[in-house]
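A.B. asks: Got a predicted structure here, sequence first:
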Amino acid sequence: MGEGISEQTAERRSLRPVALSPEHLPQALALSQALQWPYRLEDWAFALALGRGFAVEIDARLAGTALWWPYGQDQASAGMIIVAADAQRMGIGRALMEALLADAAGRSMILNSTREGFSLYKSLGFVERGHVHQHQAMLTHAPAPDPAAATRPFRAADLEAVRRLDHAASGMERAVLIDALFGIGEVKVVKRDGVVCGYGCARRWGRGIVIGPVVAETAAEARGLISALAAPHAGRFVRLDVTSACGLSPWLEAIGLPRVDQVVAMTRGEPPRSSAHAALFALASQSLG
């Protein structure tokens, strides 16, 4: 009996999460590829540079990952939570999430859950708050511009207004995320009466282009931003992750971007409080929120 207890203790120690490092990322990419998640190595590196991550290794082989991103002092997002197929039912997912939550130091946290992870997250205190619809396809033609929303390229002078608008829509302090996305993406804004009332970002990601975040005061302005950002990428693979509440899914279907999946939006702690005058229509990604 003593030997059995000792072996079990040693096994638990071997599954203790460690910090996810850049050296782990080639193996992390392989884990996501096994699930047919479309991350590139560059996408992993971008995500890790913005946040913090944990890993579990078995015999020097990466068996699981989990990342989180701080949004101010009180909120955060979690994602890229993966356990290798041959390491399931060993408690790795729970160990990673417990390490992540402890590291986040009591922040309220959002995440988007697959069917496989829902029970674990619920047991850790996450509650369902809606759904996110994943739309993607080879975009066969450029969407028609929406006359209700005249867009123009982002200018440096727009930055503070965009940050305020994003905070109002997301309910989170995401200036670091916004700055990082704007550094690698194409950004357009909508102005009304001289005031920025919407913005959207398109960037290289996964199999092609991802459009998001998209923040606007009206659905027409959101459609206008998406149309303007998608137009240069006709003939390429385009993806958006939109909230079920925003009502854009039927329009995205109509322009040739079908809904291919749905995840559950969950929150642990106080949920973000968005303003009544702006909405987050499309996410930066399912992980980043």
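C.D. replies: Ah, there it is.
A.B. asks: any chance you could map the strands in the stretch 51-200 of the chain?
C.D. replies: For the stretch 51-200 of the chain, the strands defined by DSSP state E, counting those that start in this stretch cover 52-58, 61-71, 75-83, 108-113, 127-138, 151-153, 186-192, 195-205.
A.B. asks: so what's Arg107 up against?
C.D. replies: Shown here is Arg107, whose contacts under the criterion CB atoms under 8 Å, 6 or more residues apart in numbering are Pro70, Gln73, Asp74, Gln75, Ala76, Gly269. Glycine gets a C-beta too; all of them are placed from N, C-alpha and C.
A.B. asks: Test for you: state the pLDDT assigned to it.
C.D. replies: The score at Arg107 is 97. That number is its pLDDT.
A.B. asks: For it, give its distance to Ala149.
C.D. replies: Computed with CB to CB, to the nearest Å, the distance linking Arg107 and Ala149 is 34 Å.
A.B. asks: same check, this time on Ala202
C.D. replies: Taken as CB to CB, the spacing of Ala202 relative to Ala149 amounts to 16 Å.
A.B. asks: all helices for the stretch 101-250 of the chain, in order.
C.D. replies: For the stretch 101-250 of the chain, applying DSSP state H, counting those that start in this stretch gives helices covering 118-123, 159-170, 175-184, 219-230, 249-254.
A.B. asks: Can you give me the neighbour number for the nearest residue to Val196 once chain neighbours are set aside?
C.D. replies: In space, and not counting its chain neighbours, Val196 is closest to Ala161: 4.0 Å by CB to CB, 6 or more residues apart in numbering. As a burial measure, Ala161 scores 15 neighbours (other CB atoms under 10 Å).
A.B. asks: For Ala161, give its distance to Ser32.
C.D. replies: For Ala161, the distance to Ser32 - CB to CB - is 35 Å.
A.B. asks: Likewise for Glu221?
C.D. replies: As for Glu221, its distance to Ser32 is 33 Å (criterion: CB to CB).
A.B. asks: More neighbours: which of the two?
C.D. replies: Neighbours were counted for Glu221 and for Ser32 using other CB under 10 Å; Glu221 has more, 27 against 19.
A.B. asks: My understanding was that that one contacts Cys197; is that so?
C.D. replies: Yes. Applying CB atoms under 8 Å as the test, Glu221 and Cys197 come out as touching, 6.5 Å apart.
A.B. asks: list the residues that contact both of these two?
C.D. replies: With contacts defined as CB under 8 Å, 6+ apart, the residues shared by Glu221 and Cys197 are Val190.
A.B. asks: end-to-end on stretch 158-177?
C.D. replies: Terminal residues of stretch 158-177 are spaced 16 Å apart (CA to CA, to the nearest Å).
A.B. asks: Contacts made by that stretch with the rest, please.
C.D. replies: Contacts of stretch 158-177 from elsewhere in the structure, counted by CB under 8 Å, 6+ apart, are 50, 69, 71-72, 75, 154, 178, 182, 187, 189, 195-199, 213, 215, 271-275, 277-280, 284, 288-289.
A.B. asks: To what extent is Met140 buried, counted in neighbours?
C.D. replies: Not quite, residue 140 is Thr, not Met. The burial metric for Thr140, expressed as a neighbour count using other CB under 10 Å, is 9.
A.B. asks: next one: Asn112
C.D. replies: Neighbour number of Asn112 under other CB under 10 Å is 25.
A.B. asks: For it, give its distance to Arg40.
C.D. replies: To Arg40, Asn112 is 20 Å away according to CB to CB.
A.B. asks: Next: Ala137.
C.D. replies: Taken as CB to CB, the spacing of Ala137 relative to Arg40 amounts to 19 Å.
A.B. asks: Counting neighbours, what do you get for Glu61?
C.D. replies: Let me fix one detail, which is that residue 61 is Arg and not Glu. By other CB under 10 Å, the residues close to Arg61 number 12.
A.B. asks: Identify the bridge partners of it.
C.D. replies: Each beta-bridge partner of Arg61 is listed here: Ile58, as defined by DSSP bridges.
A.B. asks: Make sure it is actually in contact with Gln27.
C.D. replies: Yes. If you go by CB under 8 Å, Arg61 and Gln27 touch, sitting 7.1 Å apart.
A.B. asks: In contact with Gln262, which residues?
C.D. replies: Gln262 makes contact with His131, Val132, His133, Gln134, Ser244, according to CB under 8 Å, 6+ apart.
A.B. asks: correct me, but the last one touches Gln134?
C.D. replies: No. Under the criterion of CB under 8 Å, Ser244 makes no contact with Gln134, lying 11.2 Å away.
A.B. asks: more neighbours, the two?
C.D. replies: Ranked by neighbour count (other CB under 10 Å), Ser244 and Gln134 place Gln134 first, with 18 against 13.
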